[in-house]
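**Student:** here's my sequence, what's the structure:
(2 chains)
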Amino acid sequence: KNQVEQSPQSLIILEGKNCTLQCNYTVSPFSNLRWYKQDTGRGPVSLTIMTFSENTKSNGRYTATLDADTKQSSLHITASQLSDSASYICVGGGTSYGKLTFGQGTILTVHP
Amino acid sequence: DAGVTQSPTHLIKTRGQHVTLRCSPISGHKSVSWYQQVLGQGPQFIFQYYEKEERGRGNFPDRFSARQFPNYSSELNVNALLLGDSALYLCASSLWTGTDQPQHFGDGTRLSIL
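**Tutor:** Predicted coordinates:
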């Protein structure tokens, strides 16, 4: 059974600080790893998509890494802002049509 | 350009009733996927449609059905509603069904079952 597990479940940081969110996945066959940001009451918004051959991908202050050997990914957020407060969801993509496996998300709260 | 639009935004139903949720994809996108997101959890895949045909189905009972229209909009139908069907239902569109395709999500329909 495909699974994606994220840690920590929640995180509180001060504005301006950096943080790293973790993701372990078991998706077979594996095609890609995605990170989404979901604001409260809104749909998820894509941050990065990495194929199994990519090690890192950046999108502004967001940098995702992927280790396909250990089946781990991380999302690093630099110089956090209040608007970064959201749930961050790690998603494993298989090779079958549309079948994405979502993690439960890490709830990030940025305090001033 | 408009993003993915879903209607209604909120809906309250009672057990045993049926419901129809609607989704309009981004212009030019031919693939629509449906997800169920229970509070505190990540979305779970229900269906994917492309060119009006079902291309993928998640582990949901037959009470859940969907269809896609010639203009690529889509409907999700749920019959014999149960309390456990209370969730945020998300629609996502993409250009086609490639597994590396970015999916663009709408803001969902919040369904509450009493």
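
**Student:** so for residue 110, what's the pLDDT?
**Tutor:** No chain specified, so I'll use chain A. As predicted, A:V110 sits at a pLDDT of 98.

**Student:** other chain: chain B
**Tutor:** At B:R110, pLDDT is 97.

**Student:** with A:C19 instead?
**Tutor:** With respect to pLDDT, A:C19 has a value of 97.

**Student:** just A:S58 next, same as before
**Tutor:** 96.

**Student:** neighbours of it, just the number please.
**Tutor:** For A:S58, the count of nearby residues is 13 (other CB atoms under 10 Å in any protein chain shown). C-betas here are computed from N, CA, C, even on glycine.

**Student:** same thing with A:L33?
**Tutor:** A:L33: 28 neighbours (other CB under 10 Å).

**Student:** how near is it to B:L11?
**Tutor:** Using CB to CB, to the nearest Å, one obtains 33 Å as the distance from A:L33 to B:L11.

**Student:** now do the helix or strand bottoming out on mean pLDDT in chain A: which elements does it pack against?
**Tutor:** Across the helices and strands of chain A, mean pLDDT, DSSP states H and E gives its lowest value to strand A:100-102, namely a mean of 90. Counting contacts by 3 or more CB pairs under 8 Å, 6 or more residues apart in numbering or on different chains; DSSP states H and E, strand A:100-102 is packed against strand A:3-7, strand A:86-94, strand B:44-50.

**Student:** now do the strands in chain B.
**Tutor:** B:5-7, B:10-13, B:19-24, B:31-37, B:44-50, B:53-57, B:64-68, B:74-78, B:87-94, B:104-105, B:109-113 (DSSP state E).

**Student:** could you dump those strands into CSV with distance to chain A and mean neighbour count added?
**Tutor:** Formatted as CSV, the strands of chain B follow (distance: least, CB to the nearest CB, whole Å; neighbours: other CB atoms under 10 Å in any protein chain shown):
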stretch, distance to chain A, mean neighbour count
strand B:5-7, 8, 16
strand B:10-13, 10, 13
strand B:19-24, 11, 19
strand B:31-37, 5, 26
strand B:44-50, 3, 23
strand B:53-57, 4, 15
strand B:64-68, 12, 18
strand B:74-78, 13, 21
strand B:87-94, 6, 24
strand B:104-105, 3, 21
strand B:109-113, 8, 18
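
**Student:** partner residues bridging the spatially closest residue to A:G105 that is not a sequence neighbour?
**Tutor:** The shortest distance from A:G105 to any non-neighbouring residue, by CB to CB, 6 or more residues apart in numbering or on different chains, is to A:S87 (4.0 Å). Per DSSP bridges, the residues bridged to A:S87 are A:Q38, A:I107.

**Student:** which residues in chain A form strands?
**Tutor:** A:3-7, A:10-14, A:19-26, A:30-38, A:45-51, A:56-59, A:62-67, A:72-77, A:86-94, A:100-102, A:106-111.

**Student:** I'd like these as TSV, with distance to B:P70 appended.
**Tutor:** Formatted as TSV, the strands of chain A follow (distance: least, CB to CB, whole Å):
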stretch	distance to B:P70
strand A:3-7	35
strand A:10-14	44
strand A:19-26	37
strand A:30-38	29
strand A:45-51	27
strand A:56-59	35
strand A:62-67	37
strand A:72-77	39
strand A:86-94	28
strand A:100-102	26
strand A:106-111	40
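
**Student:** I'm done for today, thanks for sticking with me.
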